[in-house]
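>>> structure for the following, please:
(2 chains)
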Protein chains: 2
Amino acid sequence: MPPPNASLLQVFPPRLNLLIIRSLPIFSLARVPKIPFRCCSSSSSSISPNPPHQSSTSTSTPATQDKKKEVERSGALSASPPAAGAGPGGNQTTAIIDVNPPRGTRDFPPDDMRLRTWLFHNFREVARLFAFEEVDFPVLESEALFIRKAGEEITEQLYSFEDKGGRRVALRPELTPSLARLVIQKGKSVSLPLKWFAIGQCWRYERTTRGRRREHYQWNMDIIGVPGVAAEAELIFSIVTLFKRLGLTASDVGFKVSSRKVLQAVLQCYSIPENLFGEVCVIIDKMEKIPLSEIEEKLTSIGISLEAIKGLVQVLSLKSLPQLEELLGAAGDAVADLKQLFILAEQYGYSQWIHFDASVVRGLAYYTGIVFEGFDRQGNLRAICGGGRYDKLLSTFGGDDIPACGFGFGDAVIIELLKDKGLLPMLTHMVDDIVFPLDLELQGPAAMVASTLRQKGRSVDLVLENKRLKWVFKHAERINASRLILVGDSEWQRGMVRVKNLSTREEHDLKVDELE
Amino acid sequence: MPPPNASLLQVFPPRLNLLIIRSLPIFSLARVPKIPFRCCSSSSSSISPNPPHQSSTSTSTPATQDKKKEVERSGALSASPPAAGAGPGGNQTTAIIDVNPPRGTRDFPPDDMRLRTWLFHNFREVARLFAFEEVDFPVLESEALFIRKAGEEITEQLYSFEDKGGRRVALRPELTPSLARLVIQKGKSVSLPLKWFAIGQCWRYERTTRGRRREHYQWNMDIIGVPGVAAEAELIFSIVTLFKRLGLTASDVGFKVSSRKVLQAVLQCYSIPENLFGEVCVIIDKMEKIPLSEIEEKLTSIGISLEAIKGLVQVLSLKSLPQLEELLGAAGDAVADLKQLFILAEQYGYSQWIHFDASVVRGLAYYTGIVFEGFDRQGNLRAICGGGRYDKLLSTFGGDDIPACGFGFGDAVIIELLKDKGLLPMLTHMVDDIVFPLDLELQGPAAMVASTLRQKGRSVDLVLENKRLKWVFKHAERINASRLILVGDSEWQRGMVRVKNLSTREEHDLKVDELE
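This next block holds a predicted model:
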């Protein structure tokens, strides 16, 4: 066994980028000599866990194997394209797999995950400020929960299938129906109003288009049991609060606000049956995406007269409340709700963030009152978020007639926007300490040191294999470690370790129980 | 408009449980009188958003509607069982839905979600202490990723289906294959070793049994690129660290540890082909669940001799390392690995948590070395967690031959155990302040007050509807609010609000900008 190389502590580089020439002794765990397996009669002297293709190394010591692997890999994975049939022998027969996630879905490697965690943390922090409670539902729901006959894109693109028991199920396309289901289920056991939020993955399936994602995460905030627009005002303010936290201003983003009651007023005026309301809204919502002639065709096909269509188109073009009031009259909930919302927005202090725009309808059939969407003022992106009042959803599900409103806020558009604006944070892996045993024999003491530091709440990366000091310094840079703790034999015999502050380059020896 | 009822502040109850007799004036927003819709020729004077079944109230003012709703509901939801065909008219035609989540899945109402968040926070905190980075993968993966021919329960119960494009996909039953896929995909862009963790929902589908859940969440920690058992020692220590955080001791829980190399040594001794290794392990893993005769039958059917079966059964009964060494000899990686692991455990300081038990095999085909499982010492529950080394998984997927190990830790058994031990925390909704406008006209000022407090980081529940003071006090108890901020007209005219400390019952008036 080589003597522990304590002198290494003396050649410590004063700067991280100084080249370390001297290498550490290779992994040299003294293992008991190999003797034959007693219950065996054969003379085979080695029981190797290696599959046949590795047989050339199967009789070498673990130490040299380890070294060989390290040299071969140079500390990085080699992504050689998997050649068909090139799988090694061995005890598993899994076929070579596609390394990409299924089409339209994402992996979250550490960088992306940090960003997602940061965004979700902001969602949760806003929810906490507004005293909302977090809930969640299964990502898989009964398909019936999402089946609506209004022709919404969201239900037409349902990621649904039959399970092995023959039941129709779907990966949820949105969270609101599950929320409504849970509220009905909870019944009298919960007190109204409820202020609930959820962050969940939502799915859709599109057969034809490529490149569009099939999943995204959505932050939902819902208020159940409040009939007045104070609820909508609070919800919009919660989004404004998020935007501000993210560094966005009223010149970057805004909200278009309208009310489904505006359309309802027009439909009622032309004596269009109420049961067509949802369908009409869903068709009209596509106004900016498909030609007007097609909209008219669709509306005509469900029995809306040309005169009524004209009325609808006229109303939808309105961009100011006075115009709306002129057309509809001041009476009716549509105008009154909107007026009150704008008064509240002023008192909250976010009136510069919102304006009336009758063209906002939203694509979900179940909205009944105020509807709103967040948009970027440069007009490059799809809606950032959207929501509204859905006072009838619970009763159409068989529950009591309870007023409700809420919004959905996806994880995709906001990230695009923040990127465009240069507002994405730089998030790196941050570690407090690296603990590095200078010799394999010191792995246990190093573990003890790591444990001591972790008990104090420090994030500790313990080096678990035989590495060169040069690698450790590179690694420290990569993970933004603040300190390097070297466990060397001569120090350890005095109960000490060497502590190097990686920003000041200062180093000193410390007793283990003095480590902080 | 009634004068703001500022005098209410004087009748403030000295204690929460004091009955408030005097009620607040009902919601009485002065809305503009209703006049006919201008583009209409009909004399209908009201545009009501209410569906037909509510027509009796459709001409009443919003104020009385609101009051009626509140009285009817008494502040709680009524969960009247949905009668078939009892759905109200209206513009949506959704059928009455089942209020339960799909069989075998869970909703997370606030109480359950708080517990889940608490548990996940502990997972994440341990991961942070060990300098692991979080990753995630799609819950839906290509079925091929999970197809293994070893007859594992996990692949036999795969929640798989054909998507609309005819592709075989599956809700992931575990996270490790996705991790392996991502590691291969990242290739040279990442430096080894990787220390990654994930918390994700995993699914299974069982056709026959009832009551067992079809989903659970799993915390995984994996180390990719470290060949030695220092990695396993670190992983087990991370679980010990979690157990300690949760209040569990070495007398509550422990780890059974073995190595697949033990079985490999036996198989090699009887010249059993290596490609049967995974299958043999999967069969043997069921030893404690099904009769020995059945195990023997299964082993015989794949060509294992009776002599070899005897050898396997003999080895599996071993409960101490000296016994194992006696049987296998001190040579070979099996004994050496285990010995080194136990030495490290001692140096880490957790040797009283672990013991050797050759019967631990684990049900996954891909393990190649050390395997371990966490168990409760009372023996009431299934394994709490399990893991091991899977040095061949990446290469069988077509990647480089990179050593790896990790564990999975579910959310179900640990919660059962903590419940049994009385270690579940009491987690309640916590709110800093309730802001309550004493009059509807003060909704805006109340919003302003709420906004001011939120800017200071306080969690504020703003009362959004006309409620009685009595309700507000009850509500404050329910959400554990620290303070009640009353916004009354006479105070507000002086720029002040009344602040009541709900634990000390003290109250005083404060300027809004003095609120902290």
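
>>> going forward, measure contacts between C-alpha atoms and count neighbours the same way
Will do.

>>> quick one: the strands in the stretch 201-350 of chain A?
Counting by DSSP state E, counting those that start in this stretch, residue ranges of the strands within the stretch 201-350 of chain A are A:215-224, A:253-259.

>>> most tightly surrounded among those strands?
The highest mean neighbour count among those, using mean count of other CA atoms under 10 Å in any protein chain shown, belongs to strand A:253-259: a mean of 25.

>>> show the backbone phi and psi for the residue in the stretch 401-516 of chain A positioned nearest to chain B.
Closest contact between the stretch 401-516 of chain A and chain B, by CA to the nearest CA, is at residue A:459 (4.0 Å). In terms of degrees, to the nearest 10, the main-chain angles of residue A:459 are phi -80, psi 120.

>>> what's the neighbour count on it?
The number of residues packed near residue A:459 is 24, by other CA atoms under 10 Å in any protein chain shown.

>>> chain neighbours aside, what residue packs nearest to it?
Leaving out its chain neighbours, the residue that sits closest to residue A:459 by CA to CA, 6 or more residues apart in numbering or on different chains is residue B:129, at 4.0 Å.

>>> circling back: my guess is the residue of the stretch 401-516 of chain A closest to chain B meets residue B:125, correct?
No - in this structure, residue A:459 sits apart from residue B:125 without contact. The criterion is CA atoms under 8 Å, and the distance is 9.2 Å.

>>> about what we covered before: nearest to chain B, of the strands of the stretch 201-350 of chain A?
When the strands of the stretch 201-350 of chain A are compared (using CA to the nearest CA), the closest one is strand A:215-224, at 8.8 Å.

>>> check which helices and strands that closest one sits against.
Where contact means 3 or more CA pairs under 8 Å, 6 or more residues apart in numbering or on different chains; DSSP states H and E, strand A:215-224 is packed against strand A:194-203, helix A:230-245, strand A:404-410.

>>> strands paired with that strand, and their directions?
According to DSSP bridges, the neighbouring strands of strand A:215-224, each with its direction, are strand A:194-203 (antiparallel), strand A:404-410 (antiparallel).

>>> quick one, grab the pLDDT at residue A:148.
Looking at residue A:148, its pLDDT stands at 82.

>>> could you measure from it over to residue A:477?
For residue A:148, the distance to residue A:477 under the criterion CA to CA, to the nearest Å works out to 54 Å.

>>> then residue A:315?
Taken as CA to CA, the span from residue A:315 to residue A:477 is 61 Å.

>>> so for these two, which sits in the more crowded spot?
residue A:315 (20 against 14).

>>> nearest spatial neighbour of that one, skipping sequence neighbours?
Of all residues not flanking residue A:315 in the chain, residue A:358 sits nearest, at 6.7 Å (CA to CA, 6+ apart).

>>> tally up the residues packed near the one you found, please.
Close neighbours of residue A:358, defined as other CA under 10 Å, add up to 25.

>>> what does the one 3 residues further on give?
Burial of residue A:361 is recorded as 31 neighbouring residues (other CA under 10 Å).

>>> residues contacting it?
For residue A:361, the contact set (CA atoms under 8 Å, 6 or more residues apart in numbering or on different chains) comprises A:258-260, A:281-282, A:284-285, A:371-372.

>>> ranking by neighbours, what's the top pick from those?
residue A:258 (30 neighbours).

>>> ok, back up a step: could I get the strands paired with strand A:215-224 as a markdown table with mean neighbour count, distance to residue B:393 and mean pLDDT?
Shown next, in a markdown table, are those (neighbours: other CA atoms under 10 Å in any protein chain shown; distance: least, CA to CA, whole Å; pLDDT from 0 to 100):
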| stretch | mean neighbour count | distance to residue B:393 | mean pLDDT |
| --- | --- | --- | --- |
| strand A:194-203 | 22 | 28 | 97 |
| strand A:404-410 | 25 | 35 | 97 |
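
>>> outside of the strand or helix carrying residue A:371, which residues touch it?
The secondary structure element spanning residue A:371 is strand A:370-376 (assigned by DSSP states H and E). Defining contact as CA under 8 Å, 6+ apart, one finds that strand A:370-376 is touched by A:229, A:232, A:252-261, A:337-338, A:360-362, A:381-389, A:417.

>>> and of the strands paired with strand A:215-224, who's closest to residue A:222?
Counting by CA to CA, residue A:222 lies closest to strand A:404-410 out of the strands paired with strand A:215-224; the figure is 4.0 Å.

>>> relative to strand A:404-410, how tilted is the strand holding residue A:371?
With axes from the mean of the first three to the mean of the last three CA atoms, to 10 degrees defining the directions, strand A:370-376 sits at 20 degrees from strand A:404-410.

>>> how far does the following helix or strand past strand A:370-376 sit from the chain's center?
Taking DSSP H and E as the definition, the helix or strand that follows strand A:370-376 towards the C-terminus is strand A:385-389. The gap between the average C-alpha position of strand A:385-389 and the chain average comes to 20 Å, counting by CA atoms, centre = their mean, to the nearest Å.

>>> how about TSV for the strands of the stretch 201-350 of chain A, with mean pLDDT added?
Rendered in TSV, the data for those read as follows (pLDDT from 0 to 100):
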stretch	mean pLDDT
strand A:215-224	97
strand A:253-259	97
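
>>> now render these as CSV, adding distance to residue A:267.
Formatted as CSV, the entries for the strands of the stretch 201-350 of chain A read as follows, by distance: least, CA to CA, whole Å:
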stretch, distance to residue A:267
strand A:215-224, 27
strand A:253-259, 13
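
>>> between the ones you listed, which one is closest to residue A:330.
Going through those one by one, with CA to CA as the measure, strand A:253-259 comes closest at 14.2 Å.

>>> that older thread, helix A:230-245 and the strand holding residue A:371, what's the angle between them?
Interaxial angle of strand A:370-376 relative to helix A:230-245 (the same axes, to 10 degrees): 10 degrees.

>>> just the CA coordinates for strand A:370-376, please, in CSV.
What follows is strand A:370-376 as a C-alpha-only set of coordinates in CSV (Å, rounded to 0.1, in the frame of the first residue of the first chain):
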residue,chain,number,x,y,z
ILE,A,370,-65.4,38.3,-17.4
VAL,A,371,-62.8,36.9,-19.7
PHE,A,372,-59.2,38.1,-19.9
GLU,A,373,-55.9,37.3,-21.5
GLY,A,374,-52.4,38.4,-20.8
PHE,A,375,-50.4,39.4,-24.0
ASP,A,376,-47.0,40.8,-24.9
